[in-house]
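Asks: I need the structure of the sequence given here:
(chains A and B)
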Amino acid sequence: MITVDSLTKTYGGFTAVDDVTFTARPGRVTGFLGPNGAGKSTTMRVMVGLTPATSGSVTVCGRQFRDLPNPGLEVGVLLDASAQHAGRTGREILTVAQRTMGLPKSRVEEMIDLVSLTSSEADRRVRDYSLGMRQRLGIATALLGQPEVLILDEPANGLDPAGIRWMRDLLRGYANQGATVLLSSHLLHEIEVVADDLVVIGNGRIVAQGAKSELLATAGTLVRTPDVTALAQSLSASGVAFTKSAATGGDDVLRVDADTETVGRVALEARVLLLELRPAEGAGLEEMFLELTADNQRETITEGAAA
Amino acid sequence: MSTITADTPGTATVARAERREPAPIPFTRLLSVELRKSFDTRAGFWLMSSIGIAALLATGAVLLWAPDSELTYSTFAAAIGFPMAIILPMVAVLSVTSEWSQRSGLTSFTLVPNRSKVIAAKAGVTVGISVVSMLMAMAIGVIGTLAGSAILGISPVWDAGFVDLANIVLAQVLGMLVGFMLGVVIRNSSAAIVAYFVYSFALTAITEVLASTQDWFANLQPWVDFNYAQGSLFNGSLNAEQWANLGVTSVVWLVAPLTFGLWSLMRSEVK
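Replies: As a prediction, the model looks like this:
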């Protein structure tokens, strides 16, 4: 369990994290989603005590992180896979962590096997590691103490598709066994596949949070038509809200806040040809993400244009 | 122990076994981990090895080139002590700064969020290394003295007593702590190393010139110049005033900046 309560972090006049409150619950994968610079990493760094909070608080396993007697056994942390002494071997980095936590030596080999590093790779110095190998080593370090909470910042970075699939299964398995898993990403599809709950952050503020199914359910219907103007008029006449879809691209698509049947009936009555009519779930999260963070994005999204 | 075995991902959510609260990490474990960390990189390993290598080279150099009349224990001790006075502070600097420059602090301070314990363990290891190194240096000095006298066919000259040796150890420990202090204050490997050389060489040269040209400074120097006050430790036993000089200057040059450095280190962001 991770509880973030009214967390704020400012640097001079810049507010990196602005009154953020959310809970990551046991047995669930919580996806922490946001564009670059949204405050995800800062929030996670405050969680584990590396950055002091300006105000607000975070508890992990019911306490402040700094009060945990042996944090490695309760919270697995991966913030930056590249933040390792480049001159140590992978095996040595795991050994240092294993000794700090007071674990049996055999855990090191178990972890090397678990993250599929070969024995010779484990004996190489980290400066010669690819980003994917560093990521695997970082995950091994996080899992070493069999923690009940995982805090992972962009763990999929640098992994190949098979590696991403492997990690997804691993995290799913962990959550299914009752662990709390919090992982951040700016990659929507990565999180959409694995998360149960979502926390979406932009410019330091939470813009949406809740169960993934609920957030997706509100996403409505996508409809494609060669006659956008006619359909838009009939939708307005029926009092149904809609917007041009930013995520799917193309200027012939509308995202409608109604189910497919309602939209189909409106189109039928207005005798407007439809090329496509489907729940917006497929575009789902991306649509929501772009929409919710549009004001906070670096790139300005032109309505209706390809994002 | 937890029931988690991550390599067998289940499909159903099962209740986790109630966990016992882990025992706190004992300080002795942190000491052993920090000691390991000062050896387990190639740079660290060779830096530590260079302590022994430099001691052997210095002994050899004395045997080869020192005039016969000076093949005494104090000559060997001084020759071995000189490279140590450079290498040991580097060991101290890097033990602190590598956590920031190599960014391994992200892991170190997450596994042990109480930063003062980590830094204390580093300090303990630092002092331990300097004392052990000096004991080793003295042993090598004994071998050198015996070898020198055997070559010359004279009886070995033991012209350094316990007090002299203890003072030299103290001087080396102080030098190493200055390196440690600079590491804590600056937290960047190259900058801290440069700062150490500026402090121990450039500053020494400047104060020397100043003292020889300005009378007012010559009188003041023992009370403000830490290097100068430490110098007396290499020249036999100290009188009360010299101890006072050492105490005052170490507060100004070591204790005060170290306190400030620790204060800011505890509050800083580990990036």
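
Asks: every contact and neighbour count from this point should use C-alpha atoms.
Replies: Fine.

Asks: burial count for residue 167?
Replies: Answering for chain A, as no chain was given. Using other CA atoms under 10 Å in any protein chain shown, residue A:167 is surrounded by 19 other residues.

Asks: other chain: chain B
Replies: By other CA under 10 Å, the residues close to residue B:167 number 19.

Asks: report the secondary structure state of it.
Replies: helix (DSSP: H, G, I helix; E, B strand; the rest coil).

Asks: report pLDDT for it.
Replies: Residue B:167 carries a pLDDT value of 89.

Asks: same question, the one 5 residues further on
Replies: What the model reports as pLDDT for residue B:172 is 90.

Asks: from residue B:198, how far out is it?
Replies: Note on residue B:172: its distance to residue B:198, by CA to CA, to the nearest Å, is 18 Å.

Asks: those two: which has the busier surroundings?
Replies: Neighbour count, other CA under 10 Å: between residue B:172 and residue B:198, residue B:172 has more, with 27 against 13.

Asks: what residues does the residue nearest to that one when sequence neighbours are not counted make contact with?
Replies: Sequence neighbours aside, residue B:85 is the residue nearest to residue B:172 in space, at 6.2 Å (criterion: CA to CA, 6 or more residues apart in numbering or on different chains). Listed by CA atoms under 8 Å, 6 or more residues apart in numbering or on different chains, the contact set of residue B:85 reads B:172, B:175, B:176.

Asks: so which strand or helix has the closest residue to residue B:155 other than its chain neighbours?
Replies: Closest residue in space to residue B:155, ignoring its immediate chain neighbours: residue B:149 at 5.8 Å, by CA to CA, 6+ apart. Using DSSP states H and E, residue B:149 sits in helix B:115-152.

Asks: so how far is that helix from its chain's centroid?
Replies: The chain centre lies 11 Å from the centre of helix B:115-152; the measure is CA atoms, centre = their mean, to the nearest Å.

Asks: how close does residue A:162 sit to chain B?
Replies: In this view, residue A:162 and chain B are 16 Å apart by CA to the nearest CA, to the nearest Å.

Asks: now the helices: where do they sit in the stretch 51-200 of chain A?
Replies: With helices called from DSSP state H, counting those that start in this stretch, the stretch 51-200 of chain A shows them at A:90-101, A:106-114, A:119-122, A:131-143, A:161-176, A:188-194.

Asks: format the ones you listed as JSON lines; extra columns: mean pLDDT.
Replies: Putting the helices of the stretch 51-200 of chain A into JSON lines (pLDDT from 0 to 100) gives the following:
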{"stretch": "helix A:90-101", "mean pLDDT": "97"}
{"stretch": "helix A:106-114", "mean pLDDT": "96"}
{"stretch": "helix A:119-122", "mean pLDDT": "95"}
{"stretch": "helix A:131-143", "mean pLDDT": "95"}
{"stretch": "helix A:161-176", "mean pLDDT": "93"}
{"stretch": "helix A:188-194", "mean pLDDT": "84"}
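
Asks: in TSV, list those along with distance to residue A:58.
Replies: Output for the helices of the stretch 51-200 of chain A, formatted as TSV (distance: least, CA to CA, whole Å):
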stretch	distance to residue A:58
helix A:90-101	23
helix A:106-114	29
helix A:119-122	35
helix A:131-143	19
helix A:161-176	21
helix A:188-194	23
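
Asks: of these, which is nearest residue B:237?
Replies: Proximity to residue B:237 (CA to CA) singles out helix A:90-101 among these, at 42.4 Å.

Asks: okay, now the residue of chain A found nearest chain B: neighbour count?
Replies: Distance from chain B to each residue of chain A (CA to the nearest CA) is smallest for residue A:173, at 3.6 Å. Residue crowding around residue A:173 was assessed by other CA under 10 Å; the count is 24.

Asks: nearest residue to the residue nearest the centre of chain B other than its sequence neighbours?
Replies: Nearest to the mean C-alpha position of chain B, by CA atoms, centre = their mean, lies residue B:176 at 2.9 Å. Leaving aside its sequence neighbours, residue B:176 sits nearest to residue B:89 (CA to CA, 6+ apart; 4.1 Å).

Asks: quickly find the element holding the one you found.
Replies: According to DSSP H and E, residue B:89 maps onto helix B:73-101.

Asks: quick one, that helix and helix B:115-152 angle?
Replies: Helix B:73-101 and helix B:115-152 are oriented at 150 degrees to each other (axes from the mean of the first three to the mean of the last three CA atoms, to 10 degrees).

Asks: list the buried residues of helix B:73-101.
Replies: For helix B:73-101, burial by neighbour count (16 or more other CA atoms under 10 Å in any protein chain shown) applies to B:73-81, B:83-101.

Asks: report how many residues lie close to residue A:75.
Replies: 27.

Asks: that older thread, which other helices and strands contact the helix holding residue B:149?
Replies: With contacts taken as 3 or more CA pairs under 8 Å, 6 or more residues apart in numbering or on different chains; DSSP states H and E, helix B:115-152 sits against helix B:27-37, helix B:42-65, helix B:73-101, helix B:162-186, helix B:256-267.

Asks: how about TSV for these, with distance to residue B:225 added?
Replies: Conversion of the helices and strands packed on helix B:115-152 to TSV gives the following (distance: least, CA to CA, whole Å):
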stretch	distance to residue B:225
helix B:27-37	32
helix B:42-65	27
helix B:73-101	17
helix B:162-186	13
helix B:256-267	15
